[in-house]
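Asks: The sequence isn't on hand, but the structure is:
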């Protein structure tokens, strides 16, 4: 089975879950749920999230 992740339509500003600045990416977690990250925190956590099976989706 192939899963396609589509970036959500951004009606309002989404903030980084770590520091509160504008999020640039969304991590879709394999067990459900999502985490929003600014550029700095997205890069800092990208490797560990990918190892856990999360998909990183850029936000518009």
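Replies: Alright, I've got the coordinates. Please read all numbers here as calculations on a predicted model, not as lab measurements. Numbering: from 1, shown residues only.

Asks: Okay, buried residues for stretch 38-56 please.
Replies: 38, 41-42, 45, 49, 54, 56 (16 or more other C-beta atoms under 10 Å). C-beta: built from backbone N, CA, C; applies to glycine.

Asks: Identify the farthest-apart pair in those.
Replies: 38 and 54 (16.3 Å; C-beta to C-beta).

Asks: any idea which helix or strand carries residue 41?
Replies: helix 39-51 (DSSP states H and E).

Asks: May I have the phi/psi pair for the closest residue to residue 42 other than its chain neighbours?
Replies: Leaving aside its chain neighbours, residue 42 sits nearest to residue 25 (4.3 Å; criterion: C-beta to C-beta, 6 or more residues apart in numbering). Backbone geometry at residue 25, expressed as degrees, to the nearest 10, gives phi -150, psi 160.

Asks: ok, residue 25 - contacts?
Replies: Residues counted as contacts of residue 25 (C-beta atoms under 8 Å, 6 or more residues apart in numbering) are 36-37, 39, 42, 56-59.

Asks: any idea where the strands of this structure begin and end?
Replies: Using DSSP state E, the strands of the chain run over 25-28, 34-37, 55-58.

Asks: and those as CSV, adding distance to residue 13 and mean pLDDT?
Replies: Formatted as CSV, the strands of the chain follow (distance: least, C-beta to C-beta, whole Å; pLDDT from 0 to 100):
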stretch, distance to residue 13, mean pLDDT
strand 25-28, 13, 97
strand 34-37, 10, 97
strand 55-58, 15, 96
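
Asks: Would you reformat those strands as TSV and include distance to residue 19?
Replies: Shown next, in TSV, are those (distance: least, C-beta to C-beta, whole Å):
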stretch	distance to residue 19
strand 25-28	14
strand 34-37	9
strand 55-58	17
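
Asks: Tell me which of these sits nearest to residue 16.
Replies: Here strand 34-37 is closest among those (C-beta to C-beta), at 5.4 Å.

Asks: of the contacts of residue 25, closest to residue 21?
Replies: Among these, and counting by C-beta to C-beta, the member closest to residue 21 is residue 39, at 8.9 Å.

Asks: isn't that closest one right up against residue 24?
Replies: Yes. Using C-beta atoms under 8 Å, residue 39 is in contact with residue 24, at 4.8 Å.
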